[in-house]
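[1] sequence first, predicted model second:
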Amino acid sequence: MTFLFYIFAALALVGGIGVVVNKNPVTSAFSMIVSFLGLAALFIQLDAYLVGVLQILVYAGAIMVLFLFIIMLLDVQEEEKRRFPLIAALGAAGVAGGITILIVTVLKRSHIGDATIPKLATAEGPGNSDVHRIGELLFSQYWFPVLMVAVLLLVATVGAVVLSKKQLR
Amino acid sequence: MESALTLNHFLFVSGVLFAVGLAGVLIRRNLIVIFMCLELMLAAANLTLVAFSRFNVQEGQPAYDGHVLLFFIITVAAAEVAVGLAIIVALFRSRETTDVTKINSMKF
């Protein structure tokens, strides 16, 4: 299974770099979808089936379609020739490289990350899928956050409608 | 044991993806692409959550609290995109641009 991990990790990273490097916003959006598909595959490799499916449905499906819709609605042009100001590019490369070095150092020093994937109990049947377990948690222990998320979605919907009115008052 | 995948593998991928997203936020000038890079950073953080929950097995089950948190993060991200894109559209209506270097005054 290790080579699958490398394939999908490469997919996610190449997609991510594509978002940053591509001049055309539409190409960026499609790279983003590739990146999300790779991430979803990594989730599924970690036995998080519900989350992997949600990642594809919500992120690669709904959110990216929204982005593409807005890009095409606004008819966004490609950025001009001088794409990245030199200082910004250097600063960004420094910050990104710094974070990467930081992560590598931390991972090398701590021993938490050396754990290999532990075995799961292989009980089959209803009540043992991750969908079932997450649903149980959501509607028992986490009922209040679920309520609040519902309110948040309502507020976001109303906010989006108000913001896209012709006259902002 | 053929599979030698460790937690480090996943944390590293997640961290690098986060760094790539951050670099994108810093160097891109198109508001929509910056917003997409923000989403990329959120998704990278999600990978960390799932990895930690999978490696924290108790009684043969991964810690599902991480997945629940991720569920909330995805919902909040969807709401955030809806409102954010509405703001970008409103901004585009008044300024006719999505270039952040041209949007540099509070009052228009």
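    Here it is on my side, so go on.
[2] residue 89: neighbour count?
    I went with chain A, as the question did not name one. For residue A:89, the neighbour count with other C-beta atoms under 10 Å in any protein chain shown is 14. C-betas here are computed from N, CA, C, even on glycine.
[3] wait, chain B
    16.
[4] that one and residue A:164 touch, don't they?
    Yes: counting by C-beta atoms under 8 Å, residue B:89 does reach residue A:164; the two are 5.9 Å apart.
[5] which residues in chain A form helices?
    Listed in chain order, the helices of chain A (DSSP state H) span A:2-21, A:25-45, A:49-54, A:64-74, A:86-109, A:130-139, A:143-163.
[6] just checking, what packs against the helix or strand in which residue B:71 is found?
    For residue B:71, the element it lies in under DSSP states H and E is helix B:65-95. Packing partners of helix B:65-95 (3 or more C-beta pairs under 8 Å, 6 or more residues apart in numbering or on different chains; DSSP states H and E): helix A:49-54, helix A:64-74, helix A:130-139, helix A:143-163, helix B:31-55.
[7] smallest gap between chain A and chain B, at which residue?
    residue A:121 (2.5 Å; C-beta to the nearest C-beta).
[8] per-residue pLDDT, that residue?
    Looking at residue A:121, its pLDDT reads 72.
[9] and the residue of chain B found nearest chain A, what are its phi and psi?
    Relative to chain A, the nearest point of chain B is residue B:60 (2.5 Å; C-beta to the nearest C-beta). Dihedral pair for residue B:60: phi 70, psi 10, per degrees, to the nearest 10.
[10] which non-adjacent residue is nearest it?
    The shortest distance from residue B:60 to any non-neighbouring residue, by C-beta to C-beta, 6 or more residues apart in numbering or on different chains, is to residue A:121 (2.5 Å).
[11] can you tell me which residues contact the most centrally placed residue in chain B?
    Residue closest to the mean C-alpha point of chain B, counted by C-alpha atoms, centre = their mean, is residue B:42 at 1.9 Å. Shown in contact with residue B:42 (C-beta atoms under 8 Å, 6 or more residues apart in numbering or on different chains): B:73, B:77.
[12] so what pLDDT did the most centrally placed residue in chain A get?
    Here the mean C-alpha position of chain A is nearest to the C-alpha of residue A:36 (C-alpha atoms, centre = their mean), at a distance of 5.8 Å. Residue A:36 carries a pLDDT value of 94.
[13] please tell me how far it sits from residue A:85.
    29 Å (C-beta to C-beta, to the nearest Å).
[14] could you chop chain A up by domain?
    Domain ranges of chain A: A:2-120, A:123-169, per automatic domain parsing.
[15] make JSON lines out of those domains and add distance to residue B:32.
    JSON lines is the format used below for the domains of chain A (distance: least, C-beta to C-beta, whole Å):
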{"stretch": "domain A:2-120", "distance to residue B:32": "6"}
{"stretch": "domain A:123-169", "distance to residue B:32": "15"}
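[16] who wins for proximity to residue B:9 among those?
    Set against residue B:9 and scored by C-beta to C-beta, the domains of chain A come closest in domain A:2-120, at 6.3 Å.
[17] and the closest one, end to end?
    Start and end residues of domain A:2-120 are separated by 18 Å (C-alpha to C-alpha, to the nearest Å).
[18] related to what we said a few turns ago, and the helices of chain A, which is most packed in?
    Comparing these by mean neighbour count (mean count of other C-beta atoms under 10 Å in any protein chain shown), helix A:25-45 ranks first with a mean of 22.
[19] is chain B contacted by it?
    Yes: against chain B, helix A:25-45 shows contacts by C-beta under 8 Å from any C-beta of the partner chain at A:25, A:28-29, A:32, A:35-36, A:39, A:42-43.
[20] now tabulate those in CSV and tack on distance to residue A:11.
    Shown next, in CSV, are these (distance: C-beta to C-beta, whole Å):
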residue, distance to residue A:11
A:25, 21
A:28, 16
A:29, 16
A:32, 12
A:35, 7
A:36, 10
A:39, 9
A:42, 9
A:43, 13
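[21] hmm, which of those residues is lowest in pLDDT?
    Taking the residues of helix A:25-45 next to chain B together, the minimum pLDDT is found at residue A:25 (89).
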